[in-house]
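# Curious how this folds, go ahead:
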Amino acid sequence: MTGEKIELILEFGVILISPIIYHLYLLKYKNIAREIVFKDLKIYLVLYGLIAITGLFAILR
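As a prediction, the model looks like this:
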């Protein structure tokens with residue numbers, strides 16, 4: 001695997017994990033209601049699932 005591919009994977013990993021970390025920060029330090037945070041996290045998980053399905057389709061094709 002070339003350095004460019006590794007860098008690209010790391011960049012996308014940071015982009016995909018940052019909303020979850022931000023919402024956990026809001027939950028812990030800003031005292032946002034749990035319902036709001038978990039509703040948003042469920043939306044992100046659905047989107048991550050779609051990304052995973054697309055990635056698997058692209059790899060296995």
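# for the residue nearest the centre of the chain, what are its contacts?
Residue closest to the mean C-alpha point of the chain, counted by CA atoms, centre = their mean, is Leu16 at 3.2 Å. By CB atoms under 8 Å, 6 or more residues apart in numbering, the contact list for Leu16 reads Tyr48, Ile51. For every residue, glycine as well, the C-beta is placed using N, CA and C.
# Read off the pLDDT value for it.
As predicted, Leu16 sits at a pLDDT of 85.
# Just the pLDDT for Met1.
Confidence score, pLDDT, at Met1: 62.
# How much space separates Glu4 from Ile17?
According to CB to CB, to the nearest Å, Glu4 and Ile17 sit 21 Å apart.
# Compare the two (neighbour count), which wins?
Using other CB atoms under 10 Å as the criterion, Glu4 and Ile17 rank with Ile17 on top: 12 against 8.
# That one sits in which helix or strand?
helix 3-29 (DSSP states H and E).
# after that helix, next one along is what?
By DSSP H and E, the next helix or strand past helix 3-29 is helix 34-60.
# got the angle between that next one and helix 3-29?
170 degrees (axes from the mean of the first three to the mean of the last three CA atoms, to 10 degrees).
# quick one: helix 34-60 to chain centroid distance?
Centre-to-centre, helix 34-60 and its host chain are 7 Å apart (CA atoms, centre = their mean, to the nearest Å).
# again with stretch 53-61
On the basis of CA atoms, centre = their mean, stretch 53-61 sits 18 Å off its chain's mean C-alpha point.
# which residues touch it?
Stretch 53-61 is contacted by no other residue when judged by CB under 8 Å, 6+ apart.
# Contacts only, for Ile9.
Counting by CB under 8 Å, 6+ apart, Ile9 has no contacts.
# I'd like the distance between it and Leu56.
Computed with CB to CB, the distance linking Ile9 and Leu56 is 15 Å.
# swap in Tyr44?
Tyr44 sits 18 Å away from Leu56, going by CB to CB.
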